[in-house]
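*Asks:* This is the structure alone, sequence omitted:
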């Protein structure tokens, strides 16, 4: 997950429009986050790294990923942490022979209390890989992961996904990310993601296990490569 820190910089440049408009209603298939929504989301996600070291990179850089003007795609989720629409952003990083995939999903943009974090990595290709799928865990050159998290006040409950399946399909554009000034190349993408998490392991004060499933197409994001 360390690649998330570098890739998130690209996501910010490509998706940020620096808008402070009043909050858009959380309806339809695509929303644009306002400044107040971004602040609420960042505050919650920053608390994750303190409990789960594997999410430290995300916690440290979420204020760059989730910012005013970022677009998020609706995904309908069935889960015992809470059903209903969630909102998603995506990113990919390619470096050397490693392609990573990430989707961050959250519920109410103005008062988020439930999150899903989907991750994947594919090794061994000299060009960016556009898909990854299979069972949770490591299988050959592909690794797939998932986290389910809930927030109540200052408390965070987390579950590491230990069973199920996950798939990513990425669709790059031929454009360049507007305003991107970092090293390497940045192109806007959309990503399709489908997941069926059937088992999980509680972390910290969490108990029992949680499951989740959902699918969305056209999740906005970027690909960053050398």
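*Replies:* Cool, the structure landed. Everything numeric in this text was worked out from a predicted model, so none of it was measured.

*Asks:* Mean confidence (pLDDT) on stretch 88-102, please.
*Replies:* Mean per-residue pLDDT for stretch 88-102: 88.

*Asks:* for stretch 132-144, same thing?
*Replies:* On average, stretch 132-144 scores 95.

*Asks:* can you list contacts of it?
*Replies:* Residues outside stretch 132-144 that contact it (C-beta atoms under 8 Å, 6 or more residues apart in numbering): 99, 101, 119-124, 145-146, 161-168, 197. (Each C-beta comes from the backbone N, C-alpha and C, glycine too.)

*Asks:* Now, of those residues, which are buried?
*Replies:* 99, 101, 119-122, 145-146, 161, 163-168, 197 (16 or more other C-beta atoms under 10 Å).

*Asks:* how close does residue 119 get to residue 54?
*Replies:* 9 Å (C-beta to C-beta, to the nearest Å).

*Asks:* Is the spatially most central residue of the chain in a helix, a strand, or coil?
*Replies:* Geometric centre of the chain, nearest residue: residue 104, 2.0 Å, by C-alpha atoms, centre = their mean. Counting by DSSP: H, G, I helix; E, B strand; the rest coil, the backbone at residue 104 sits in strand.

*Asks:* Hmm, it is touching residue 117, no?
*Replies:* Yes - assessed by C-beta atoms under 8 Å, residue 104 is found in contact with residue 117 at 5.7 Å.

*Asks:* what's residue 183 in contact with, if anything?
*Replies:* residue 226.

*Asks:* For residue 95, give the beta-bridge partners.
*Replies:* Under DSSP bridges, the beta-bridge partners of residue 95 are residue 98.

*Asks:* surely residue 149 meets residue 107?
*Replies:* No - between residue 149 and residue 107 there is no contact, the gap being 10.9 Å when judged by C-beta under 8 Å.
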